[in-house]
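In: generate a structure from the sequence data that follows.
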Amino acid sequence: MRLWAISDLHLAGEANRAALRGLPARPDDWLILAGDVCESVPLFAEAMDWLAGRFARVLWTPGNHELWLTDRAAGPASSMAKYQAMVAAARAAGVSTPEDPYPSWPAAGGAVVVAPLFTSFDYSFRPPGVARADVLRWAAETRCVSADERRLHPAPFARMDEWCAALCDAAEARLARDVPPGARTVLVSHYPLRQDLVHIPRIPRFTPWCGTHRTADWHIRFRAVAAVSGHLHVRRTDWRDGTRFEEVSLGYARQWNQTRGLAAYLRDVTPR
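Out: Presented below is the predicted three-dimensional model:
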């Protein structure tokens with residue numbers, strides 16, 4: 001029995017969809033999906049059905065791409081409404097979401113709570129010398145302004161900063177309430193919990209769209225044995241304060257070796 005993790009499947013691409021269809025079943029194992037499955041609600045629902053039939057349990061948390069409004073005329077009016085549609089599709093397939101009770105993974109020394117977290121970004125992952133008001137101009141100097149600026153719509157909040165703060169308040173309160181005292185955790189978010197985990201040398205000014213300082217100490221406060229994230233498309237393992245941080249992105253077709261198949265990119269994050 002293993003706990004696997006992957007993110008950034010980006011199923012809008014045919015190569016990635018074909019790779020998903022070729023994924024062998026692991027009926028005794030669990031799978032974590034750390035966001036950016038796809039933008040389309042019907043395609044997302046199809047993928048959830050497929051994966052739920054191949055693993056004993058599937059857990060999902062959203063990335064920015066699930067929340068993109070790519071068809072504002074016919075689709076949801078806000079990114080929050082899009083999220084709610086994705087949650088409904090996941091639940092219909094039996095997939096756990098950040099809105100559902102946290103499951104516990106059986107482990108030696110006591111069960112480990114696996115917590116999917118819905119967090120976001122608030123532009124705080126920027127250099128100390130760059131003011132919040134100057135972030136877009138600073139990023140535009142190297143053409144690093146994220147498409148999130150056009151495709152995320154945080155209503156009823158006026159700005160992403162405000163929505164991020166509300167999401168972090170809710171996640172923090174939920175962790176404090178629903179994780180038993182002393183219990184260990186596996187924290188799952190699309191965004192890395194700490195700025196010092198952001199390694200994107202080719203697009204260094206993209207960092208403001210990569211998370212929030214609000215989550216920097218959550219691995220300590222909530223006794224994480226592992227923290228799973230994606231978003232960066234830079235697969236790696238880091239350690240901070242005795243916690244293993246796993247960036248588990250697959251990425252776009254050009255960013256992974258298709259001859260290896262999707263199974264080769266599942267990361268074993270089983271608590272031990």
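In: dump the residue contacts of the closest residue to Pro27 other than its chain neighbours.
Out: In this structure, Pro27 finds its nearest non-sequential neighbour in Ala56, 6.0 Å apart by C-beta to C-beta, 6 or more residues apart in numbering. C-betas here are computed from N, CA, C, even on glycine. Taking C-beta atoms under 8 Å, 6 or more residues apart in numbering, we find Ala56 in contact with Met1, Arg26, Pro27, Asp28, Asp29, Trp30.
In: name the member of the residues you listed with the most neighbours.
Out: Using other C-beta atoms under 10 Å as the neighbour criterion, Trp30 leads those with 21 neighbours.
In: confirm that one sits in a strand?
Out: Yes: applying DSSP: H, G, I helix; E, B strand; the rest coil, one finds Trp30 inside a strand.
In: who's it bridged to?
Out: With DSSP bridges applied, Trp30 shows beta-bridge pairing to Leu3, Arg57.
In: so it is in contact with Ala52, correct?
Out: No: Trp30 is beyond contact range of Ala52, at 11.1 Å (criterion: C-beta atoms under 8 Å).
In: which neighbours do the two share?
Out: Here Trp30 and Ala52 have Val58 as joint contacts, going by C-beta under 8 Å, 6+ apart.
In: circling back to that earlier point, export the contacts of Ala56 as TSV, with columns for pLDDT and distance to Ala183.
Out: Shown next, in TSV, are the contacts of Ala56 (pLDDT from 0 to 100; distance: C-beta to C-beta, whole Å):
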residue	pLDDT	distance to Ala183
Met1	93	19
Arg26	97	26
Pro27	97	27
Asp28	97	23
Asp29	98	22
Trp30	98	17
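In: identify, from those, the entry nearest to Ser7.
Out: Comparing the contacts of Ala56 against Ser7 with C-beta to C-beta picks out Trp30 as the nearest, at 14.9 Å.
In: tell me who's in contact with that closest one.
Out: For Trp30, the contacting residues are Met1, Arg2, Leu3, Trp4, Phe55, Ala56, Arg57, Val58, Leu59, Trp105, Val114, by C-beta under 8 Å, 6+ apart.
In: for the second one, grab phi and psi.
Out: Right, Arg2. The phi and psi torsions at Arg2 (degrees, to the nearest 10) take the values phi -130, psi 150.
In: Leu232 versus Glu246, what's the distance?
Out: 12 Å (C-beta to C-beta, to the nearest Å).
In: all strands for this protein, in order.
Out: Assigned by DSSP state E, the strands in the chain fall at 3-6, 26-33, 55-60, 104-105, 112-116, 184-188, 224-229, 236-240, 243-247, 267-268.
In: who touches Leu152 in this structure?
Out: Contacts of Leu152 (C-beta under 8 Å, 6+ apart): Asn64, Leu67, Trp68, Leu69, Ser79, Met160.
In: just to revisit the earlier point, now render the contacts of Trp30 as a markdown table, adding distance to Arg126.
Out: Putting those into a markdown table (distance: C-beta to C-beta, whole Å) gives the following:
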| residue | distance to Arg126 |
| --- | --- |
| Met1 | 42 |
| Arg2 | 38 |
| Leu3 | 34 |
| Trp4 | 33 |
| Phe55 | 38 |
| Ala56 | 41 |
| Arg57 | 37 |
| Val58 | 34 |
| Leu59 | 31 |
| Trp105 | 35 |
| Val114 | 31 |
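In: can you select the buried ones from the residues you listed in PyMOL?
Out: The following PyMOL command selects only the buried members of the contacts of Trp30, with burial defined by 16 or more other C-beta atoms under 10 Å:
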select buried, resi 3+4+55+57+58+59+105+114
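In: mind giving me the packing neighbours of the helix ranked longest in the chain?
Out: Criterion DSSP state H: the longest helix present in the chain is helix 160-178. Contacts defined by 3 or more C-beta pairs under 8 Å, 6 or more residues apart in numbering; DSSP states H and E place helix 160-178 against strand 112-116, helix 218-221.
In: which of those is buried the deepest?
Out: Greatest average neighbour count among those goes to strand 112-116 (a mean of 24), per mean count of other C-beta atoms under 10 Å.
In: packing partners for it?
Out: Checking 3+ C-beta pairs under 8 Å, 6+ apart, strand 112-116 ends up next to strand 26-33, strand 55-60, strand 104-105, helix 160-178, strand 184-188.
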